[in-house]
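Novice: Sequence and predicted structure, then a few things I'm wondering about:
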Amino acid sequence: AGCGAALKEYDHLLKDDPDYAERAATFSSRVKDVIEFLGDVGLTAAPGPLKWRVTYQDPCHLAHAQRVTRQPRMLLNEIPELTLIEMPESSLCCGSAGIYNLQQPEMSQALLDRKLNNALSTGAEVIVSANPGCMLQISSGLRARGDRRPVMHLIELLDRAYAASSTEQGASVVAD
C-alpha cells in the first residue's frame, strides 16, 4: 500500500518537470493496488468457503493516501462462510508507518496497543490487512502479548479461499 501510494504521487511530484510531468501523470493514472483492482473488476471465479471470523485493518497508505476502503470489504464478503467483524477505529494507524516505529517507538507502541485492543475486541480468529508493514507490526505486537493469532494479507486469504474451493470444505485456521 505504501509503494502504491508513492507511485500514485509521481504526477504531483513531477508536475513542474518539463521532461517528465506528462509521463508521470500518465503513469500515476494507471497505478492501482491489487486490492483496488480486484475490487473494481470483481473476482472471475468463486472462492471456496472459509469458516473463519476475521477483522480487517485498514492500512493508512491504502485507506488515507489511496482512498481504498470499500474494495477490501467487498472482497472479504465474496468468501462464503467467512464472517467479517468490523474493527473499531480500523483506519487508525497501527504505529508502523514506514520507519515511524523506529523513530518514535513510544508513540508507535501506544498506537499499536490501541490497534491491538481494537482488533482483539472483535473476537476474530484472524486479523487481515493489505500492507506487509502493518502485518509485521501487528504480528510483533500479538507475539509480545503471547497471542499466536494469524495476521494475513488479504491476497493470502483469497488464496486460501481458492484452495478451499478445490477441497469443497472450509479451510481451517492454522497459527504460524
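Specialist: Structure's in. What do you need? Numbering: from 1, shown residues only.
Novice: what number of residues lie near A46?
Specialist: Using other CB atoms under 10 Å, A46 has 12 other residues around it. Just so you know, the C-beta spots here come from the backbone N, C-alpha and C atoms, and that holds for glycine as well.
Novice: In contact with it, which residues?
Specialist: Counting by CB atoms under 8 Å, 6 or more residues apart in numbering, A46 makes contact with 78, 80, 165.
Novice: In helices only, show me the residues you listed.
Specialist: Of these, the ones assigned to helices by DSSP state H are S165.
Novice: ok, of the contacts of A46, which come out buried?
Specialist: Applying 16 or more other CB atoms under 10 Å to these, the neighbour count classes 78, 165 as buried.
Novice: so can I have CSV of the contacts of A46 showing distance to A24 and pLDDT?
Specialist: Rendered in CSV, the data for those read as follows (distance: CB to CB, whole Å; pLDDT from 0 to 100):
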residue, distance to A24, pLDDT
E78, 34, 96
P80, 42, 97
S165, 40, 83
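Novice: in what helix or strand does E36 lie?
Specialist: helix 34-41 (DSSP states H and E).
Novice: elements contacting that helix?
Specialist: Helix 34-41 is packed against helix 70-77, helix 154-167, with contacts defined by 3 or more CB pairs under 8 Å, 6 or more residues apart in numbering; DSSP states H and E.
Novice: Could you work out which of the ones you listed reaches nearest to D147?
Specialist: helix 154-167 (18.5 Å; CB to CB).
Novice: then the closest one to CSV, C-alphas only?
Specialist: What follows is the C-alpha trace of helix 154-167 in CSV, where atoms were taken according to Å, rounded to 0.1, in the frame of the first residue of the first chain:
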residue,chain,number,x,y,z
LEU,A,154,-6.0,-10.1,2.0
ILE,A,155,-4.5,-11.8,-1.1
GLU,A,156,-3.2,-14.6,1.1
LEU,A,157,-6.7,-15.0,2.5
LEU,A,158,-8.1,-15.2,-1.0
ASP,A,159,-5.5,-17.8,-1.9
ARG,A,160,-6.7,-19.9,1.0
ALA,A,161,-10.3,-19.5,-0.1
TYR,A,162,-9.5,-20.6,-3.6
ALA,A,163,-7.6,-23.6,-2.2
ALA,A,164,-10.7,-24.4,-0.2
SER,A,165,-12.8,-24.3,-3.3
SER,A,166,-10.9,-27.3,-4.7
THR,A,167,-11.5,-29.3,-1.5
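Novice: from now on call the first residue 753
Specialist: Taking 753 as the first residue, the last one we looked at is helix 906-919.
Novice: now the angle between helix 786-793 and that helix, please.
Specialist: For helix 906-919 and helix 786-793, the angle between their directions (axes from the mean of the first three to the mean of the last three CA atoms, to 10 degrees) works out to 60 degrees.
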